[in-house]
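Trainee: Fold the stuff below for me.
(one chain, ligands or ions: 1)
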Amino acid sequence: MADNCILCGIVDGAIPSKKVYEDDEIMAVLDLNGAAPGHTFVFPKKHHTIIEQVPNALVGKLFAMANKVSTSIFESLDIQGTNIFLANGITAGQLVPHAMLQVIPRREGDNVKLSWEPRQLTEEEMSTVELKVKEVVDSMPLPGAAQSGQKQKPKSGGEVIADEENYLVNQLKRIP
Ligand SMILES: [Zn+2]
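Mentor: Below is the predicted model:
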């Protein structure tokens, strides 16, 4: 456990909580200061600061549990919807340094704000971001996933990089 971590304190029982689920790997507890009754934290019992550090199998289990909690509060409480929310990093509004999903019950006019102003990107911005993100995504294949839609050329010889550069040039040519 990490010192001064509220969720680790809940896991080891030092901090009392209202548990809706617990097994040897994960827990789901009610947020005592949540946006609405039924607001629930779903988190790994082992301390991981951000979701990137959580093993993929456990990420899958956390989302499956959040989905189950979402269904449960939808069926047992008088709500019209849920948000499944993840704050990753302080800038993103993460208040506790222990990775967790939040299931937030939603009712019409509840004044819970999870909105943003839409921002129109230029074609160039979109293409640049697409290339940058895709390159990193492709370097981290999902375990067991088929590499569909990906060029199957070997990484050696710079063929893939050359293709990406051509792609960028082609994208730029399309900009008037
Ligand atoms: Zn912790």
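Trainee: May I see the buried residues of stretch 57-67?
Mentor: 58-59, 61-62, 65-66 (16 or more other Cβ atoms under 10 Å). (C-beta placed from N, C-alpha, C; glycine too.)
Trainee: What is the helix or strand containing residue 66 packed up against?
Mentor: Using DSSP states H and E, residue 66 falls within helix 56-76. Applying 3 or more Cβ pairs under 8 Å, 6 or more residues apart in numbering; DSSP states H and E, we find helix 56-76 packed against strand 19-22, strand 26-30, strand 40-44, strand 81-85, strand 101-106.
Trainee: ok, the spatially most central residue of the chain - contacts?
Mentor: The centroid of the chain falls nearest to residue 86 when counting by Cα atoms, centre = their mean (4.9 Å). For residue 86, the contact set (Cβ atoms under 8 Å, 6 or more residues apart in numbering) comprises 51, 99-102.
Trainee: Now tabulate the residues you listed in a markdown table and tack on pLDDT, neighbour count and distance to residue 3.
Mentor: Converted to a markdown table, those look like this (pLDDT from 0 to 100; neighbours: other Cβ atoms under 10 Å; distance: Cβ to Cβ, whole Å):
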| residue | pLDDT | neighbour count | distance to residue 3 |
| --- | --- | --- | --- |
| 51 | 94 | 18 | 21 |
| 99 | 97 | 24 | 17 |
| 100 | 97 | 25 | 18 |
| 101 | 97 | 23 | 23 |
| 102 | 96 | 20 | 23 |
